[in-house]
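Undergrad: predicted model, plus sequence, below.
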Amino acid sequence: HNGTIDGQGMIWWQKHRKKLLNHTRGPLVQIMWSTDIRVSNITLRNSPFWNFHPFDCKNVHISGVTILAPLHDAPNTDGIDP
């Protein structure tokens, strides 16, 4: 892998549980209205919401991506949501 993007999701969840936030969770990586996207050789970790969200994109290729999300206490932090 060439790098890691850490969304520091646990910080978001701690503030959310204490009712300290007035906004919704954002995805860690979101690409919108694009064509010919290639994502490779990267680790995505600790997102407060979806890890990778290609919205209304065409011809998206994903390879060699590692997604690390907590098993508990962080709902909907799943991997790739097309």
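TA: Cool, the structure landed. Numbers count the residues shown, from 1 in each chain.
Undergrad: sheet partners, orientation included, of the strand or helix carrying residue 61?
TA: Here residue 61, judged by DSSP states H and E, is contained in strand 58-68. Within its sheet, strand 58-68 is paired with strand 35-45 (parallel), according to DSSP bridges.
Undergrad: buried sites along whichever helix or strand comes after the partner strand?
TA: Using DSSP H and E, the next helix or strand after strand 35-45 towards the C-terminus is strand 52-55. Under the neighbour-count criterion of 16 or more other C-beta atoms under 10 Å, strand 52-55 has 52, 53, 54 buried. Glycine gets a C-beta too; all of them are placed from N, C-alpha and C.
Undergrad: show me what contacts residue 15?
TA: For residue 15, the contacting residues are residue 21, taking C-beta atoms under 8 Å, 6 or more residues apart in numbering as the criterion.
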